[in-house]
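1. fold the stuff below for me.
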Amino acid sequence: GEWLENKHKAKAKRKRWRKLHLGLNLVSGEIVCSDLTVDDVGDPTALPGLLDQIGGPVEKFTADGAYDGTPTRDLLATRFGEIVEVIIPLTEGKLTI
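-> Residues are numbered from 1 along each chain as shown. The predicted model follows:
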């Protein structure tokens, strides 16, 4: 960025990065699904493709706050039934009482 521009007197080109989405079986440590996307693909957008790779039932889904929301919860209930336990911590500023 700025350091490169000052040192080499050249404008830095913004490079696109990739995001690796992983789904893990936390009991066995096995990777059960994965997807490599460009930087503008968000976690909820990648989720349906990740779930397509899972061959068995899911009892518990744990994720970060990026997955927080009704669309994610509805998708999980549709794919795995209402008994799937969804654990997604609220992101800052979304707490309602």
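
2. what residues of the host helix or strand of residue 33 count as buried?
-> Residue 33 is part of strand 31-38 when elements are defined by DSSP states H and E. Using 16 or more other Cβ atoms under 10 Å as the test for burial, strand 31-38 gives 32, 33, 35. In short, each C-beta sits where N, CA and C put it, glycine included.

3. just stretch 69-82 next, same as before
-> 72, 75, 76, 79, 80.

4. of all residues in the chain, which one is nearest the centre?
-> residue 43 (3.4 Å; Cα atoms, centre = their mean).

5. how close does that one sit to residue 50?
-> Applying Cβ to Cβ, to the nearest Å, the value for residue 43 to residue 50 is 9 Å.

6. now for these two: what residues contact both?
-> Counting by Cβ atoms under 8 Å, 6 or more residues apart in numbering, the shared contacts of residue 43 and residue 50 are residue 21.

7. right, and residue 51 touches residue 75 too?
-> Yes: under the criterion of Cβ atoms under 8 Å, residue 51 makes contact with residue 75 at 7.2 Å.

8. residue 86: which element?
-> strand 85-87.

9. buried residues in that strand?
-> So, applying 16+ other Cβ under 10 Å, buried residues of strand 85-87: residue 86.

10. state the paired neighbours of that strand in the sheet, together with their directions.
-> strand 60-62 (parallel) (DSSP bridges).

11. mean confidence score for the partner strand?
-> Average pLDDT, strand 60-62: 92.

12. neighbouring contacts of the helix or strand that it is followed by?
-> Later in the chain than strand 60-62, the nearest helix or strand by DSSP H and E is helix 70-80. Contacts to helix 70-80, defined as Cβ under 8 Å, 6+ apart, come from residues 44, 47, 48, 51, 57, 58, 61, 63, 84, 86, 88.
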